[in-house]
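Asker: Predicted model and sequence below, questions to follow.
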Amino acid sequence: MNDSLLVVDSTDVDYVWDDVQPLIDKALIHSEGELLSEDIFKLIKNEMQVLWVGIKDKELFCAGVTEIIKYPRKKVLRIITFATKSGHDYEHWKDFIEVLEAFGAKQGCASVEAWTRKGLAKKLDWDHEYSVITKDIKIKWQ
């Protein structure tokens, strides 16, 4: 296989940020406004989140961000964002998740979690444990 998923050291983020920021923004379009890419940049620099890049044929083709969440009874590796340049290339996911799982296990995590749409969970063959539902109250209560 000619592709790999690599951790970007927090001290090296500046070197790849111009390439990965559009991919992070692409993933954040589906969020509820909790984070902007500049927030993620700061969290990565402060070693609170980890930046991953996917390389295929010596070119960056995807990027993702993870964070270790410490619950009272266990730690989990949460996938915050993941996006490819093409919007496809998810066939690489099965290989990449092995890398993320190994990383999480090394950090003492019991599982990997991600907030996704139901269809993606099915496509990835992950368990759909629960749904996160939201209701905007900002306008109503201002």
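Answerer: That came in fine, so what should we check first? Computed from a predicted model, the values in this text were never measured in an experiment. Numbering: from 1, shown residues only.
Asker: any idea which strand is longest in the protein?
Answerer: As assigned by DSSP state E, the longest strand anywhere in the chain is strand 59-70.
Asker: count of neighbours near E32?
Answerer: 10 (other C-beta atoms under 10 Å). Placement of C-beta: from N, CA and C, glycine included.
Asker: Let me know the distance separating the closest residue to it other than its chain neighbours from W141.
Answerer: Nearest non-adjacent residue to E32, counting by C-beta to C-beta, 6 or more residues apart in numbering: T134, 5.4 Å away. Per C-beta to C-beta, to the nearest Å, T134 is found 15 Å from W141.
Asker: And for E101?
Answerer: Distance, E101 to W141, using C-beta to C-beta: 41 Å.
Asker: do T81 as well
Answerer: Taken as C-beta to C-beta, the span from T81 to W141 is 29 Å.
Asker: Please save the CA atoms from the helix-or-strand element of the chain with minimal mean pLDDT in PDB.
Answerer: Lowest on mean pLDDT, DSSP states H and E among the helices and strands of the chain sits helix 118-124, with a mean of 74. Extracted C-alpha coordinates of helix 118-124, given in PDB (Å, rounded to 0.1, in the frame of the first residue of the first chain):
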ATOM      1  CA  LYS A 118     -26.100   7.600  10.900                       C
ATOM      2  CA  GLY A 119     -25.300   6.700   7.300                       C
ATOM      3  CA  LEU A 120     -21.600   7.000   7.800                       C
ATOM      4  CA  ALA A 121     -21.700   4.900  11.000                       C
ATOM      5  CA  LYS A 122     -23.300   2.100   8.900                       C
ATOM      6  CA  LYS A 123     -20.900   2.500   6.000                       C
ATOM      7  CA  LEU A 124     -17.900   2.200   8.500                       C
END
